[in-house]
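> Fold the stuff below for me.
(one chain, ligands or ions: 1)
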Amino acid sequence: MTEILVVGASIAGQTLAYWLARHGMRATLVERAPRLRTGGNGVDLRDEATEVAARMGILPRVRAAAADVRGMKFVDAADRAVARVNMSRNGEIEIMRGDLVGLLHEVAEPEVEYVFGDSVRSMEEDAGGVTVSFEGGTTRRFDLVVGADGLHSSVRRLAFGPEEGALRHMGHYFAFANADSALGEDRWVTMYNLPGKMAGLYRSGNHAQAKAYFIFRSAPLAHDHRDAEQHRTLLKEAFGHETSWRVRELLDGALADPDFYFDALSQVHLPSWSSGRVALVGDAAYCASPASGAGAELAVVGAYRLAEELAGTSDHQIAFRRYEEGHRELVKRKQQIGPNVRMMVPKTHLGMWARNGLALSMGLLARSS
Ligand SMILES: Cc1cc2nc3c(=O)[nH]c(=O)nc-3n(C[C@H](O)[C@H](O)[C@H](O)COP(=O)(O)OP(=O)(O)OC[C@H]3O[C@@H](n4cnc5c(N)ncnc54)[C@H](O)[C@@H]3O)c2cc1C
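Model (predicted):
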């Protein structure tokens, strides 16, 4: 039986491990965190990703847990909505990231070996397989290894070299945190802009916990993605002197939140998603960034395709090539995030005015049609 190590138990990793097991392969999932990481805001499933969820038997529960957000509203400093954009769903389902991670765990757990609190220290490949040394001190042998360990993938670093070669800085930094749930309007994403910055609130109809988020434009900063204290300092530098709207309140809450999450808005671009017996899936291979609204979709569809291709041939090189050929086009489309970023974070007052005018006319059009 083919033995596959999948590194990272989130959306890509759990989907992949589930389908590998369904195709008769043995999947071991190793997750660095001591338990599932359930933080984050809403993520979207649409088109083929929704079909994959249906084939996994979780679609009714995904729908039941859907975030129930009506749309986005742009507010002024006095918290008045200057424009609203209703979200036209067209079959798309928004679900809190943690809920999706939990549902995937429910179906994968009976089929898959989970190892929490450990990670890969080194990998040595030979003609017959890969010998993996774990940080916890054990050594095991696998036929293949798949990195599903996110934007700052360790598997990618070990098999493809330093992450600087893969990451593309998209000119912004972002942060998410829990917020005072009395703030914001139920079922609306609220965005408040200053030139090159946005502070916002996310209130889903199905979840009591409000979420705060921040985005700001910046050239690359000397930034260590593991250093939470430094992240707090950088966010404070970007927003600490802003007193308008609710920025101070949201910032104070975010800085005190242990689940605070900060990173550069980055994408992953690689000429190939595999090297020998090691492949990558999800953000590790082709992160499109949270501004794409497509991270979960790319992860679910990519994982499903990779498992299908591995099931279709005993030659992993052919499978890896077919997975890539089948998935590149979707990735390329979803990595085009320029319009989303310009809409969320206009650079100037004029840009904000133009965006609000456009949003207003879209709202009026929607009302009259
Ligand atoms: C805490 C968190 C919050 C997020 N919030 C949002 C959000 O609000 N909106 C949004 O659009 N996207 C968010 N994302 C990113 C989003 O989950 C992905 O874009 C997308 O769903 C693809 O998922 P993935 O499984 O490829 O990667 P991820 O969801 O990033 O998962 C990677 C997994 O690998 C684990 N891992 C990392 N390094 C190692 C290692 N060396 N060894 C073992 N395990 C490792 C991580 O702990 C994590 O569980 C978030 C990611 C995380 C981790």
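
> and residue 21, helix, strand or coil?
Assigned with DSSP: H, G, I helix; E, B strand; the rest coil, residue 21 falls in the helix class.

> helices and strands around the longest strand seen in the chain, which ones?
For the chain, the strand that runs over the most residues, judged by DSSP state E, is strand 167-179. For strand 167-179, the packing partners by 3 or more C-beta pairs under 8 Å, 6 or more residues apart in numbering; DSSP states H and E come out as strand 210-217, helix 228-239, helix 247-256, strand 261-268, helix 338-344. In short, each C-beta sits where N, CA and C put it, glycine included.

> Can I get the ones you listed in JSON lines including mean pLDDT and distance to the ligand?
Listed next are those as JSON lines, based on pLDDT from 0 to 100; distance: least, C-beta to the nearest ligand atom, whole Å:
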{"stretch": "strand 210-217", "mean pLDDT": "95", "distance to the ligand": "8"}
{"stretch": "helix 228-239", "mean pLDDT": "96", "distance to the ligand": "12"}
{"stretch": "helix 247-256", "mean pLDDT": "96", "distance to the ligand": "13"}
{"stretch": "strand 261-268", "mean pLDDT": "96", "distance to the ligand": "5"}
{"stretch": "helix 338-344", "mean pLDDT": "91", "distance to the ligand": "11"}
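
> To residue 168, which of the ones you listed lies closest?
Among the helices and strands packed on strand 167-179, the nearest to residue 168 by C-beta to C-beta is strand 261-268 (4.7 Å).

> Please report the number of neighbouring residues for the closest residue to residue 97 other than its chain neighbours.
Nearest non-adjacent residue to residue 97, counting by C-beta to C-beta, 6 or more residues apart in numbering: residue 40, 3.4 Å away. Residue 40: 20 surrounding residues under other C-beta atoms under 10 Å.

> Residue 40 contacts residue 263, correct?
No - counting by C-beta atoms under 8 Å, residue 40 does not reach residue 263; the two are 11.7 Å apart.

> And for the helix or strand of the chain with the lowest mean pLDDT, what's in contact with it?
Least confident helix or strand of the chain, by mean pLDDT, DSSP states H and E, is helix 349-368 with a mean of 78. By C-beta atoms under 8 Å, 6 or more residues apart in numbering, the surrounding residues in contact with helix 349-368 are 72, 74, 82, 83, 84, 85, 86, 193, 195, 342, 343, 346.
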